[in-house]
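Visitor: Next input, structure requested:
(2 chains)
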Amino acid sequence: MAAQKSAANRAASSRPHQQRTLSLIEALTLAESSIETMRKAIDPLNSEIYREFREIAQEIARAKSDIGGLQANDIRTHKIPEAGRELNAVVDATEEATHRIMECAETIMTADPSNPATYHNVINENVMAIFEACSFQDITGQRISRVVDTLEHIDKRVSKFAERIGIEDQDLELAIDDEEQKRGQRKKDLLLHGPQDESTAVSQDEIDKLLNA
Amino acid sequence: MAVDLSIPVLVVDDYKTMVRIIRNLLKQLGFSDVDDAADGTEALGKMQQRKYGLVISDWNMEPMTGYELLKEVRSDDGLNRTPFIMVTAESKTENVIAAKKAGVSNYIVKPFNAATLKAKIDAVFGD
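Guide: Residues are numbered from 1 along each chain as shown, chains lettered A, B, ... in the order given. All right, here's what the predicted structure looks like:
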């Protein structure tokens, strides 16, 4: 601003007291001085803006790399559907085996003992069928192991991503949509916890004590 | 008081296998009249049509849970004296306390065996 003032003073000093039009040279001198003044003011701002943009660009590149590391597409299109198929297969196999075992048990329960030889055969055949049906455990065990591997894979990537991005628990709460919130509230209101593991479940004896208290 | 084995029993569970297991256990215990429903709404409808001597219900069902069914039954003057046993995998203390407050007759945690079922039925009928 000081330079601008002195250029204006110089221009003004060369004219008589009455108002007159500036010459082209005077106008250019004044403009040049103004540009110089402005450049000095803007230059530090420019470098500040450049630095900000460079940091933003670096942050975007880092986020892209983190998102790539998450392998979200692979998780969504392969890992989760595959885990779902495995679990459905487990449900089907256990259901089929349970029904087979119950059929055998029901046959044994209703078998006619009046003819010992026939009765003996019915029992033997159905006991063998129960053993055969129990073989589902081997295959379902392998399927569940694969699902556990998938969950560990997802857990590792999601945890790493959340850590790098700096996601906090309160951010997750904000991401819950209305439908999910309603389901959560229903579960809370109706005390739908599902099966507990042994460390948190109360035993039948403890339940009996609570009921009789 | 001896348990009247001819009473109609309503088993409420959305898992067919569990219905079949309880039906078979009840049959082994001597109960001959066993009916079933897949959730609280269906059970309530059946209870309004017929008088059951005992209800054995799961907790976690859709759309009406066993807990909601219990509260409906206890608030209905025509049904509120029906013995109601909860058979469930819900094994948290707060569930047991809530069921007790709602007026459950007994509470069995899954998995259970025939002896437990028999003991709880006997206890409900004062044996």
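Visitor: beta partners for the residue positioned nearest the centre of chain B?
Guide: Chain B has residue B:56 as the residue nearest its centroid, 1.4 Å off, counting by C-alpha atoms, centre = their mean. Beta-bridge pairing of residue B:56 under DSSP bridges involves residue B:11, residue B:85.
Visitor: can you pull the contacts of it?
Guide: Counting by C-beta atoms under 8 Å, 6 or more residues apart in numbering or on different chains, residue B:56 touches B:9, B:10, B:11, B:12, B:22, B:85, B:87. For glycine as for every other residue, the C-beta is placed from the backbone atoms N, C-alpha and C.
Visitor: As TSV, those with neighbour count would be great.
Guide: Listed next are the contacts of residue B:56 as TSV, based on neighbours: other C-beta atoms under 10 Å in any protein chain shown:
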residue	neighbour count
B:9	23
B:10	22
B:11	24
B:12	29
B:22	22
B:85	21
B:87	23
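Visitor: OK, contacts around residue B:27?
Guide: Neighbouring residues of residue B:27 by C-beta under 8 Å, 6+ apart: A:109, B:34.
Visitor: Quick one: distance of the host helix or strand of it to the chain centre.
Guide: Per DSSP states H and E, residue B:27 falls inside helix B:16-29. Offset of helix B:16-29 from its chain centre (C-alpha atoms, centre = their mean, to the nearest Å): 12 Å.
Visitor: Buried ones in that helix, by neighbour count?
Guide: For helix B:16-29, a neighbour-count test (16 or more other C-beta atoms under 10 Å in any protein chain shown) marks B:18, B:19, B:20, B:21, B:22, B:23, B:24, B:25, B:26 as buried.
Visitor: what mean pLDDT does that helix have?
Guide: Averaged over helix B:16-29, pLDDT sits at 91.
Visitor: Now flag whichever of the buried residues of helix B:16-29 is closest to chain A.
Guide: residue B:20 (5.9 Å; C-beta to the nearest C-beta).
Visitor: Quick check, the closest one in contact with residue A:101.
Guide: No - contact criterion C-beta atoms under 8 Å: residue B:20 and residue A:101 do not qualify, at 10.8 Å.
Visitor: Could you pick out the residues of chain A near chain B for me?
Guide: A:95, A:98-99, A:102, A:105-106, A:109, A:190-196, A:200-204, A:206-207, A:210-211 (C-beta under 8 Å from any C-beta of the partner chain).
Visitor: Please pick the buried ones from the residues you listed.
Guide: Here, 16+ other C-beta under 10 Å leaves A:98, A:102, A:190, A:191, A:192, A:193, A:201, A:202, A:204, A:207, A:210, A:211 buried among those.
Visitor: ok, and the closest non-adjacent residue to the fifth one?
Guide: Read that as residue A:192. residue B:60 (5.4 Å; C-beta to C-beta, 6 or more residues apart in numbering or on different chains).
Visitor: got the contact list for the one you found?
Guide: Residues in contact with residue B:60, defined by C-beta under 8 Å, 6+ apart, are A:192, A:194, B:66, B:88, B:89, B:90.
Visitor: Could you list the domains of chain A?
Guide: Per automatic domain parsing, the structural domains of chain A span A:2-64, A:71-163.
Visitor: okay, the ones you listed, which one's buried deepest?
Guide: Mean neighbours per residue, mean count of other C-beta atoms under 10 Å in any protein chain shown, is largest over those for domain A:71-163, with a mean of 14.
Visitor: Phi and psi next, for residue B:87.
Guide: phi -120, psi 110 (degrees, to the nearest 10).
Visitor: The helix or strand harbouring residue B:70: which residues count as buried?
Guide: Applying DSSP H and E as the criterion places residue B:70 in helix B:66-74. With burial defined by 16+ other C-beta under 10 Å, the residues of helix B:66-74 counted as buried are B:66, B:67, B:68, B:69, B:70, B:71, B:72, B:73.
Visitor: Save those residues as TSV, and put in pLDDT too.
Guide: As requested, those are exported to TSV (pLDDT from 0 to 100):
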residue	pLDDT
B:66	96
B:67	96
B:68	96
B:69	98
B:70	98
B:71	97
B:72	97
B:73	98
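Visitor: just those that are near chain A?
Guide: Restricting the buried residues of helix B:66-74 to those touching chain A (C-beta under 8 Å from any C-beta) yields B:67, B:68.
Visitor: Which positions in chain B make contact with chain A?
Guide: B:17, B:20-21, B:24, B:27-28, B:59-60, B:65, B:67-68, B:89-98, B:100, B:104, B:106-110, B:112, B:116.
Visitor: swap the cut-off to 6 Å and go again
Guide: By the rule C-beta under 6 Å from any C-beta of the partner chain, the part of chain B lying against chain A is B:17, B:20, B:60, B:65, B:67, B:89-93, B:95-96, B:98, B:100, B:107, B:109.
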